[in-house]
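[1] model the following, please.
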Amino acid sequence: MKNVTLIVVGVIVIVGLLLISGSFYTVLEVELAVITQFGKPVRVVRDPGLHMKVPFVQQATFFEKRILEWDGRATQIPTKDKKFIWVDTYARWRIADPLKFLQSVRDELGAQARLDNVIDAAVRDYITEQLLIEAVKSSNRPLVQSEGEEIEREVVEIKVGREKLTRDILAKARELVPQYGIELVDVRIKRINYVQSVRQKVFSRMIAERERIAEQYRSEGQGERSKILGDMERDLKEITSEAYKISQKIKGKADGKSTRIYASAYNRDPEFYSFLKALESYPEAIGKDTWLILTTDSDFFKYLKTSSGR
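    Reported below is the predicted structural model:
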């Protein structure tokens, strides 16, 4: 009898503990809770802390209160100017109405699937209505490279721009998601790229543009080189001309001084001067292989012939 009593008491304690544990639940600071009774929502608990519910009859379903992320798949979309591109988008969202959220999508996985449909459709609708440049640039500020040179000389002026385009996509998607208890916080374009069939043509055009700019640099360099060489040649000619003028002036003065010296020497002793000049002329006129045929009365060797007579 005593054992039966202990078993009954033990069962009662266990049932009591189960009832107590099933009656309490905890909501964290970053969570929301929806209480359902036989599968039907009865209330939403937003305040964090310890709360009570009817055990075994009511269930607590918890949802994230913080902002959640959505990262879509890259989608191939044609633009208005018939250029096929891959558009990769991402978004941020939160659960605004837990009851609608539970009834429509059940959980975050279902919400991600609905956002795939809603956001991808909005992105496709707006991208196909715009030129490619509208999805790439946000303003008409010219693109520049590191040296400060403008890359694009002639660019189509944008009327919408990437920022306005993403705001329109966000507004369009926001109209559809409240029915799922979702608030869409933001939508952005993460990456835009050409499809493979177009990418090679774009690369070839970029290479041709770089080669054109390189050729322009080379042409400007050749022009600058020619200018420098021309200036150098002009300066060289000026320096040479000035040096020649100075040398001729010095030479003229030296010749004048030499002439005066020769004249002074000649005036002092004309015969001796004539004798020296004759001696100077012999080495210049007579070489190793020189032959001279002279008459006996030639003046060329008169000082040699008459030296014994002097």
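[2] which helices and strands sit right next to the strand or helix carrying Leu229?
    Assignment of secondary structure by DSSP states H and E places Leu229 within helix 196-268. Applying 3 or more C-beta pairs under 8 Å, 6 or more residues apart in numbering; DSSP states H and E, one finds that helix 196-268 makes contact with helix 270-285. Where you see a C-beta, it was placed from the backbone N, CA and C, and this is true even at glycine.
[3] just the buried positions in the helix it packs on, please.
    Residues of helix 270-285 classed as buried by neighbour count (16 or more other C-beta atoms under 10 Å): Tyr273.
[4] cool, stretch 39-46 as well?
    Within stretch 39-46, the residues that count as buried by 16+ other C-beta under 10 Å are Val45.
[5] now it, how far from the chain's geometric center?
    Centroid separation between stretch 39-46 and its chain, computed with C-alpha atoms, centre = their mean, to the nearest Å, is 54 Å.
[6] what residues does it touch?
    Stretch 39-46 has contacts (C-beta atoms under 8 Å, 6 or more residues apart in numbering) with 27, 32-36, 51, 58, 60, 98-99, 102-103.
[7] if you set the cut-off to 7 Å instead, what comes out?
    Residues outside stretch 39-46 that contact it (C-beta atoms under 7 Å, 6 or more residues apart in numbering): Val27, Leu32, Ala33, Val34, Ile35, Thr36, His51, Pro98, Leu99, Leu102.
[8] so which of these wins on neighbours?
    For those, counting by other C-beta atoms under 10 Å, the largest number of neighbours falls to Ala33: 22 neighbours.
[9] now the nearest residue to that residue once chain neighbours are set aside: how far from Glu29?
    In this structure, Ala33 finds its nearest non-sequential neighbour in Val45, 4.1 Å apart by C-beta to C-beta, 6 or more residues apart in numbering. To Glu29, Val45 is 13 Å away according to C-beta to C-beta, to the nearest Å.
[10] try Ala208
    For Ala208 relative to Glu29 (C-beta to C-beta), the value is 59 Å.
[11] ok, Arg188 next?
    Per C-beta to C-beta, Arg188 is found 28 Å from Glu29.
[12] same thing with Val123?
    In this view, Val123 and Glu29 are 34 Å apart by C-beta to C-beta.
[13] and what of Ala173?
    Distance, Ala173 to Glu29, by C-beta to C-beta: 29 Å.
[14] and these two? which has more neighbours close in?
    Ala173 (21 against 9).
[15] and the residue lying closest to the more buried one once chain neighbours are set aside, how far from Asp71?
    Nearest non-adjacent residue to Ala173, counting by C-beta to C-beta, 6+ apart: Ala122, 4.6 Å away. Distance, Ala122 to Asp71, using C-beta to C-beta: 16 Å.
[16] so which of these two has more stuff around it?
    Neighbours per residue, other C-beta under 10 Å: of Ala122 and Asp71, the larger number sits with Ala122, 22 against 10.
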